[in-house]
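Asker: fold the following for me, if possible:
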Amino acid sequence: MMKSFRLLILFPLMMTILLNGCGAKEEHASPKRLKVGIMLSNDGLGDQSYSDGAFAGLTKARDELGIELDYRELADLESFDQGLTELVDEKCDLIVGLGFAVKESLENVAEQFPEQQFILIDDASELPNVASLTFKEDEGSFLVGVLPAEQMRKGSVIGQSSHPGAAAQGTR
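Answerer: From the prediction side, this is the model:
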């Protein structure tokens, strides 16, 4: 009786294992890679600043996280609008507009493609499909101002700036 009871329990278990092992393998679709496009600032690559820094970050994300990367430079185009529209046409999941100079064009293109997601760096937009990233420039400038302030306290002046950004922060 005990032997038939074991067979009754073990037989369905063994059949399940055998049938699962003999079945056709399911092919798992590889996850879709995120495609990010960036419209670089006026100066483009080689500026040793804004564009190079943003591009280096996206290149690192490509190498370490497996995103796809596409970019446009103003020097190769007629306008920011053209570059942003090309990135939409390339089916980018996310399009980054780098710098306040891109804002008007980015908003124009974002209104034409309301389903497309955008990020505007260094300015703000109220459009629902545009996320804005701004910086507290005055906080970084404070740290840069510590050195000249310390030098002035000691009786020497390093230099001064008449840059509009300095005037906006009250440091002239």
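Asker: confirm S125 sits in a strand?
Answerer: No. S125: not assigned to a strand; according to DSSP: H, G, I helix; E, B strand; the rest coil it is coil.
Asker: so what's the backbone phi/psi at the closest residue to L84 other than its chain neighbours?
Answerer: Once flanking residues are discounted, L84 sits nearest to V109: 4.2 Å by C-beta to C-beta, 6 or more residues apart in numbering. (Each C-beta comes from the backbone N, C-alpha and C, glycine too.) With angles defined as degrees, to the nearest 10, V109 shows backbone torsions of phi -70, psi -40.
Asker: residue contacts, V109?
Answerer: Neighbouring residues of V109 by C-beta atoms under 8 Å, 6 or more residues apart in numbering: D81, L84, T85, V88, Q116, F118.
Asker: need the next SSE after the lowest-mean-pLDDT helix or strand in the chain, C-terminal direction.
Answerer: Per-element confidence for the chain was summarised using mean pLDDT, DSSP states H and E. The lowest value among helices and strands belongs to helix 2-22, with a mean of 47. Next along the chain after helix 2-22, taking DSSP states H and E as the criterion, comes strand 35-39.
Asker: by contact count, what packs against that following strand?
Answerer: The elements that strand 35-39 packs onto, with contact taken as 3 or more C-beta pairs under 8 Å, 6 or more residues apart in numbering; DSSP states H and E, are helix 50-65, strand 68-72, helix 80-89, strand 94-98.
Asker: residues making contact with that strand?
Answerer: Residues outside strand 35-39 that contact it (C-beta under 8 Å, 6+ apart) are 54-55, 58, 61, 67-72, 74, 80, 83-84, 87, 90-98, 102, 105-106.
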